[in-house]
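A.B. asks: Here you go, sequence then predicted model.
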Amino acid sequence: DAGKAWSGRFSEPVSDLVKRYTASVFFDQRMALQDIRGSLAHARMLARQNIISAADLAAIESGMAQVKSEIESGSFHWNLDDEDVHLNIEKRLTALVGDAGKRLHTGRSRNDQVATDIRLWLRDTIDTIDGLLAAYIRALLDLAEQHAATPLPGFTHLQVAQPVTFGHHLLAYVEMARRDRERMMDARKRVNRLPLGSAALAGTTFPIDRESVARELGFEGVCENSLDAVSDRDFAIEFLAAASLVMVHVSRFSEELILWMSPRVGFIDIADRFCTGSSIMPQKKNPDVPELARGKSGRVFGHLMGLLTLMKGQPLAYNKDNQEDKEPLFDTADTLVDTLRIFADMVPGITVKPEAMAAALKQGYATATDLADYLVKKGLPFRDAHEAVALAVRAAEQRGCDLPDFSLAELQAFSPLIGEDVFAVLTVAGSLAARNHIGGTAPEQVRATIARRRKELGPG
Ligand code: ARG
């Protein structure tokens, strides 16, 4: 063993503790295939530019094919002594093909190499997450369609406010997930720029062709300042911010699922395969999946704070601090991928209980606003209508009945403008159907929105 790639300058080896402390190979080996792709593109460019020979390139290509198959089959020996994924692969390549392997790093640094690997990895990850968000949206649309006209008490302050349809309620989460996709795709544009060619920090003296490397690797362009390219991780922070909002939205939905499944509310049931029991209380069926999703949002927000803090004090250009970017990034991606996958599976496993929703709607004077609107349409100023209905609600509360339980004569005591046509207005179905405009809860609008969302998703 000739020692480390950089050991020529040193008079003593690092201690085992320092070796372990500074190494990243046990987590950054996850970027091995990206590292190989980047190296091959770099080597081909070096050969095109006559910086290495065609024979060297051929040796690098065949050696890398071997390295890749060893990694994919699990036989590759990852070595802590070689610090990170980059040096492990380069060392094995050199063992296989000799001097050609030693020429691969010409005009390159691990600083632009690692930044390239992360961007390649993150681009793939964003595409995976985008696909999972689409699957989650499809599942929400399917359930929303079944319940386009199912009445649910809409809440404000966790108190019955006005009737909405369950489909409309689910479509709110569809809107959130659509924006989540937009944010991911927007972040992707800034992820998808090539740092390679920046070398350690200042660029390189070799006649490189960065644009051709960018094209081969599918980047939309090159990073145009070498110091910035090797040091900033803002693209990763943007991803973590977008990921945090995904988790905020999933967590809000989870909170509702938990509430709705509580036997005190009983609006839904969740299929057994997403729940667990209690080891002491035989009657329990707990919504573990939504609870864990709500909990896991915290670790993603933590990673966002971690990476912001990691960046904020770093002078230009690369500092080893940046090696700490990977674990939060990987853990966030894993958390998101698992959470979205499980939610896309779980949504079809939600059983809706329309009777429980209807019963809850009878308990909060949910059509009081409809009665006020009715009076306004008969000519009363809205503030006076609000007052008249408030008095009617007070009377209903004293009697222990709902607004439509009053007789016409009783209602007319609150306003002489009330006529026989009021009873259609006081029904839940009437209340829902009346809100018939873009963004409103009328079943007709819910169905139209579902159709538009399906169209933009395309055939799945
Ligand atoms: N493992 C390092 C990282 O993750 C690669 C870059 C190391 N560069 C250096 N000059 N030490 O950032």
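C.D. replies: Sure thing, it's come through.

A.B. asks: Helix, strand, or coil at the closest residue to the ligand within the stretch 151-300 of the chain?
C.D. replies: Going by C-beta to the nearest ligand atom, the ligand is nearest to residue 200 of the stretch 151-300 of the chain, at 7.1 Å. For glycine as for every other residue, the C-beta is placed from the backbone atoms N, C-alpha and C. Secondary structure, DSSP: H, G, I helix; E, B strand; the rest coil: residue 200 is coil.

A.B. asks: burial measure for it, as a count.
C.D. replies: A count of neighbours around residue 200, defined by other C-beta atoms under 10 Å, yields 15.

A.B. asks: ok, now how distant is the residue lying closest to it once chain neighbours are set aside from the ligand?
C.D. replies: What sits nearest to residue 200 in space, not counting adjacent residues and going by C-beta to C-beta, 6 or more residues apart in numbering, is residue 109, at 3.9 Å. Here the criterion is C-beta to the nearest ligand atom, to the nearest Å. By it, residue 109 lies 7 Å from the ligand.

A.B. asks: Could you do residue 313 as well?
C.D. replies: Distance of residue 313 to the ligand, given as C-beta to the nearest ligand atom: 16 Å.

A.B. asks: what's the pLDDT at that residue?
C.D. replies: Note for residue 313: predicted pLDDT of 97.

A.B. asks: who in the stretch 1-150 of the chain is up against the ligand?
C.D. replies: Contacts of the stretch 1-150 of the chain with the ligand, taken as C-beta under 6 Å from any ligand atom, map to 24, 28, 84, 110, 111, 114.

A.B. asks: Report the buried residues of the strand or helix carrying the second one.
C.D. replies: I take that to be residue 28. Element membership for residue 28 (DSSP states H and E) is helix 25-28. Under the neighbour-count criterion of 16 or more other C-beta atoms under 10 Å, helix 25-28 has 25, 27, 28 buried.

A.B. asks: on contacts alone, who are the packing partners of it?
C.D. replies: helix 85-97, helix 326-346 (3 or more C-beta pairs under 8 Å, 6 or more residues apart in numbering; DSSP states H and E).

A.B. asks: Contacts only, for residue 55.
C.D. replies: If you count contacts by C-beta atoms under 8 Å, 6 or more residues apart in numbering, residue 55 has them with residue 100.

A.B. asks: Going along the chain from the helix ranked longest in the chain, find the next helix or strand for me.
C.D. replies: When the chain is parsed with DSSP state H, its longest helix is helix 110-146. Counting by DSSP H and E, the next helix or strand C-terminal to helix 110-146 is strand 151-156.

A.B. asks: The helix or strand that that following strand is followed by vs strand 151-156, what angle?
C.D. replies: Counting by DSSP H and E, the next helix or strand C-terminal to strand 151-156 is strand 159-165. Counting by axes from the mean of the first three to the mean of the last three C-alpha atoms, to 10 degrees, strand 159-165 lies at 140 degrees to strand 151-156.

A.B. asks: who does strand 159-165 touch, helix- and strand-wise?
C.D. replies: strand 151-156, helix 354-361, helix 428-434.

A.B. asks: Show me what the last one packs onto, helices and strands only.
C.D. replies: Where contact means 3+ C-beta pairs under 8 Å, 6+ apart, helix 428-434 is packed against strand 151-156, strand 159-165, helix 368-377, helix 422-425, helix 443-457.

A.B. asks: Ok, the first one next?
C.D. replies: Where contact means 3+ C-beta pairs under 8 Å, 6+ apart, strand 151-156 is packed against strand 159-165, helix 166-191, helix 354-361, helix 428-434.

A.B. asks: Tell me the secondary structure at residue 282.
C.D. replies: coil.

A.B. asks: What is the nearest of the residues of the stretch 1-150 of the chain next to the ligand to residue 154?
C.D. replies: Nearest to residue 154 among these, counting by C-beta to C-beta, is residue 28 at 48.1 Å.

A.B. asks: That closest one reaches residue 84, doesn't it?
C.D. replies: Yes: counting by C-beta atoms under 8 Å, residue 84 is a contact partner of residue 28 at 5.4 Å.

A.B. asks: With that, I have no additional questions.
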